[in-house]
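Asks: no sequence on hand, only this structure:
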């Protein structure tokens, strides 16, 4: 199970697998696929220390595997 959390650590959505999470994030302009993978692997928040690219809106979001 994969969870997408917003900047306040509230669950935005749950996914059965990482692929579904990546597709959702890209389709809804939250972040690109690379950030989803990076956030799951390192626990890093999306765009925390960088500028969002291509009008993505997921600043501070986090993807976690539970």
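Replies: Perfect, thanks for sending it. Every value quoted in this text rests on a predicted model; they were computed, and no experiment measured them.
Asks: tell me where this protein has helices.
Replies: Assigned by DSSP state H, the chain shows helices spanning 18-27, 33-42.
Asks: hmm, who's touching the first one?
Replies: Under the criterion CB atoms under 8 Å, 6 or more residues apart in numbering, residues 2, 4, 13, 15, 30-33, 35-37, 40, 58, 63, 65 lie in contact with helix 18-27. To be clear about C-beta, it is placed using only N, CA and C from the backbone, and glycine gets the same treatment.
Asks: 7 Å - rerun?
Replies: 2, 4, 13, 15, 31, 32, 33, 36, 40, 58, 63 (CB atoms under 7 Å, 6 or more residues apart in numbering).
Asks: which one of the residues you listed has the most neighbours?
Replies: residue 63 (28 neighbours; other CB atoms under 10 Å).
Asks: quick check, that residue in contact with residue 35.
Replies: No - between residue 63 and residue 35 no contact is recorded; they are 8.1 Å apart, counting by CB atoms under 7 Å.
Asks: in JSON lines: the helices of the chain, plus mean pLDDT and distance to residue 49.
Replies: What follows is these, written out as JSON lines (pLDDT from 0 to 100; distance: least, CB to CB, whole Å):
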{"stretch": "helix 18-27", "mean pLDDT": "96", "distance to residue 49": "18"}
{"stretch": "helix 33-42", "mean pLDDT": "94", "distance to residue 49": "12"}
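Asks: nearest to residue 54, of the ones you listed?
Replies: Nearest of the helices of the chain to residue 54, taken as CB to CB: helix 18-27 at 10.2 Å.
Asks: quick one: the closest one to chain centroid distance?
Replies: Taking the mean of its C-alpha atoms, helix 18-27 sits 8 Å from the chain's own mean (CA atoms, centre = their mean, to the nearest Å).
Asks: buried residues, that helix. List them.
Replies: Within helix 18-27, the residues that qualify as buried by neighbour count (16 or more other CB atoms under 10 Å) are 21, 22, 24, 25.
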